[in-house]
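sequence plus predicted model, see below.
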Amino acid sequence: MWQPVAEVGEVAPGEPKIVSVNGKEIGIFCEGGRYFAVLNFCPHFGAPICRGKVFGAVTATEPGKLSYDPDRLVLRCPWHRWEFDLETGQALTPIRQRLKTYPVQVGAPEAAADGSNGSNGSGGSDETAMTLYRVRRTGTTLWIQV
């Protein structure tokens, strides 16, 4: 089901907007002109993850060599610095827990307003602590699929 959550102008780059949908606190992010929605709950110790920082991913291509990817966005938990890919919800460290995620996209007004559920592309275990929600943009209204 699609839910309108905010107007585009209400979600400033680098400043997530926290909304409540079906009793869940969800953070809406605008980064690099793309929109993301994340359940505001870190799987580690339940921190309000949306208070964390978003930045480009830094990975080790081999020992002693780092690679910076500004297009792969990372959300870092404010409490214990756990890091998650903002688009997929996947942890950057080799934690065994997998997160149930929903793809995020900017869509046409007809698709967002038709009330269809569409494909959620979820994977992983049922023990979800951080969930991404599909986001579509219609005119100036942002919608998430829950």
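That came through, no problem. All figures in this text were calculated on a predicted structure; none of them were measured in a lab.

for the protein, what spans make up the helices?
109-113 (DSSP state H).

how many neighbours does residue 135 have?
The local packing of residue 135 (other Cβ atoms under 10 Å) involves 28 other residues. C-betas here are computed from N, CA, C, even on glycine.

helices and strands of the chain: which one bottoms out on pLDDT?
When each helix and strand of the chain is scored by mean pLDDT, DSSP states H and E, helix 109-113 comes last, with a mean of 45.

if you count contacts, what does the longest strand along the chain end up packed against?
If you go by DSSP state E, the chain has its longest strand at strand 65-76. Judged by 3 or more Cβ pairs under 8 Å, 6 or more residues apart in numbering; DSSP states H and E, strand 65-76 is in contact with strand 53-62, strand 83-85.

who does residue 59 bridge with?
residue 67 (DSSP bridges).

residue contacts, it?
Listed by Cβ atoms under 8 Å, 6 or more residues apart in numbering, the contact partners of residue 59 are 66, 67, 69, 92.

among these, who's most crowded?
residue 92 (16 neighbours).

quick check: closest non-adjacent residue to that residue.
Nearest non-adjacent residue to residue 92, counting by Cβ to Cβ, 6 or more residues apart in numbering: residue 83, 4.3 Å away.

what's the span of stretch 25-37, first residue to last?
Using Cα to Cα, to the nearest Å, the end-to-end distance of stretch 25-37 comes out at 10 Å.

give me the contact list for it.
5-6, 8, 11-14, 16-20, 38-41, 48-50, 54, 71, 73, 75, 86-87, 104, 106, 132-135, 137, 142, 144.

change it to 7 Å
Here stretch 25-37 makes contact (Cβ atoms under 7 Å, 6 or more residues apart in numbering) with 5-6, 11-13, 16-19, 38-40, 50, 54, 73, 86-87, 104, 106, 132-133, 135, 137, 142, 144.
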